[in-house]
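Trainee: no sequence for this one, just the structure:
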């Protein structure tokens with residue numbers, strides 16, 4: 001089930017209590033960066049493209065770095081087993097989805113903490 005389908009079901013059921021939404025997840029992302037392991041190897045070592053960094057295995061591993069609005073970073077990756085199936089765009093999409101999946105628990109914790117703090121304030125008054 002996609003995030004969009006799940007969001008529609010949540011809304012259809014009238015579940016209106018505070019929660020993290022896909023829109024909030026997307027809004028929390030300030031910038032994003034993509035590279036392959038070959039790119040990273042070449043950049044880190046200063047090697048030319050015809051070096052060990054241009055090996056097939058490193059070209060099949062794609063990374064995504066999401067920098068959140070508050071400066072925190074999350075990463076995702078996508079590894080293709082068969083070189084014949086490698087598609088750079090698809091690799092970036094999968095790596096991004098894996099990075100986004102790491103944002104959900106972070107924002108869920110932040111929301112839970114906010115709700116907890118509000119309940120403590122209410123009890124104190």
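Mentor: That came through fine. Model, not experiment: these values are computed from the prediction.

Trainee: Low-confidence ranges, the protein, go.
Mentor: 47-51 (pLDDT under 70).

Trainee: Which residue, neighbours along the chain excluded, lies closest to the residue minimising distance to the centre of it?
Mentor: Centroid-nearest residue in the chain: residue 99, 2.0 Å away (criterion: C-alpha atoms, centre = their mean). Sequence neighbours aside, residue 76 is the residue nearest to residue 99 in space, at 3.0 Å (criterion: C-beta to C-beta, 6 or more residues apart in numbering). (Each C-beta comes from the backbone N, C-alpha and C, glycine too.)

Trainee: so the one you found bridges to which residues?
Mentor: As for beta bridges, residue 76 partners with residue 64 under DSSP bridges.

Trainee: That one reaches residue 101, doesn't it?
Mentor: Yes. Assessed by C-beta atoms under 8 Å, residue 76 is found in contact with residue 101 at 7.3 Å.

Trainee: How are the helices of this structure distributed by residue range?
Mentor: With DSSP state H as the criterion, the chain has helices at 3-12, 22-27, 37-45, 56-59, 88-124.

Trainee: Between these, which one is closest to residue 71.
Mentor: With C-beta to C-beta, the closest approach to residue 71 among these belongs to helix 88-124: 12.7 Å.

Trainee: what angle sits between the closest one and helix 3-12?
Mentor: Put simply, helix 88-124 runs at 30 degrees to helix 3-12, going by axes from the mean of the first three to the mean of the last three C-alpha atoms, to 10 degrees.

Trainee: So the closest residue to residue 45 other than its chain neighbours versus residue 80, what's the distance?
Mentor: Leaving aside its chain neighbours, residue 45 sits nearest to residue 53 (6.5 Å; criterion: C-beta to C-beta, 6+ apart). Here residue 53 is placed at a distance of 17 Å from residue 80 (C-beta to C-beta, to the nearest Å).
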